[in-house]
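Visitor: Sequence first, predicted model second:
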Amino acid sequence: MRQSKEFLVITFSQTTDAMAAELLFRDLCVPGRIIPIPRQLSAGCGLAFRTEMDQKQQAQQALVEAGIRWHEMEPVRLLV
């Protein structure tokens with residue numbers, strides 16, 4: 001049976017920002033992956049990055065330093 005877990009979900013207004021964030025996070029060893037935007041969040045480009053909740057500060061700092069824009073950065077319960 002699948003269980004739900006709380007993740008940090010970062011949404012983007014543009015697909016290019018989502019893809020750039022994925023590459024940035026991979027280079028910085030921030031765990032996570034690109035996912036479709038969950039229903040609980042407002043739509044942007046249709047893509048989001050899912051990571052662990054304890055990665056919020058590192059992810060936000062990395063995005064700011066790289067000049068990558070994000071739309072929302074919210075905790076969301078997702079099935080795993």
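Guide: Happy to help now that I have it.
Visitor: can you pull up the bridge partners for residue 33?
Guide: Taking DSSP bridges as the rule, residue 33 bridges to residue 50.
Visitor: er, residue 11 I mean
Guide: Assigned bridge partners for residue 11, using DSSP bridges, are residue 48, residue 72.
Visitor: So which other helices or strands are in contact with the longest helix along the chain?
Guide: For the chain, the helix with the greatest residue count under DSSP state H is helix 15-27. Helices and strands touching helix 15-27, by 3 or more CB pairs under 8 Å, 6 or more residues apart in numbering; DSSP states H and E, are strand 33-36, strand 47-51, helix 56-66. For the C-beta atoms, the positions are set from N, CA and C on the backbone; glycine is no exception.
Visitor: Which among these is found nearest to residue 78?
Guide: strand 47-51 (7.0 Å; CB to CB).
Visitor: what's the burial count for residue 5?
Guide: 12 (other CB atoms under 10 Å).
Visitor: quick one: it from residue 19, how far?
Guide: Residue 5 sits 25 Å away from residue 19, taking CB to CB, to the nearest Å as the criterion.
Visitor: ditto for residue 66
Guide: Taking CB to CB, one finds residue 66 at 12 Å from residue 19.
Visitor: With residue 76 instead?
Guide: Using CB to CB, we find residue 76 at a distance of 20 Å from residue 19.
Visitor: So between the two, which is more surrounded?
Guide: residue 76 (20 against 16).
Visitor: what's the angle from the one helix or strand the more buried one maps to to helix 56-66?
Guide: Element membership of residue 76 [criterion: DSSP states H and E] is strand 72-79. Put simply, strand 72-79 runs at 140 degrees to helix 56-66, going by axes from the mean of the first three to the mean of the last three CA atoms, to 10 degrees.
Visitor: Send me strand 72-79 as CSV with only the CA atoms.
Guide: Extracted C-alpha coordinates of strand 72-79, given in CSV (Å, rounded to 0.1, in the frame of the first residue of the first chain):
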residue,chain,number,x,y,z
GLU,A,72,6.2,28.6,-5.2
MET,A,73,8.1,26.6,-2.6
GLU,A,74,5.6,24.7,-0.5
PRO,A,75,5.3,21.6,1.6
VAL,A,76,3.0,19.1,-0.1
ARG,A,77,1.9,15.6,1.0
LEU,A,78,2.5,13.2,-1.9
LEU,A,79,2.0,9.4,-2.3
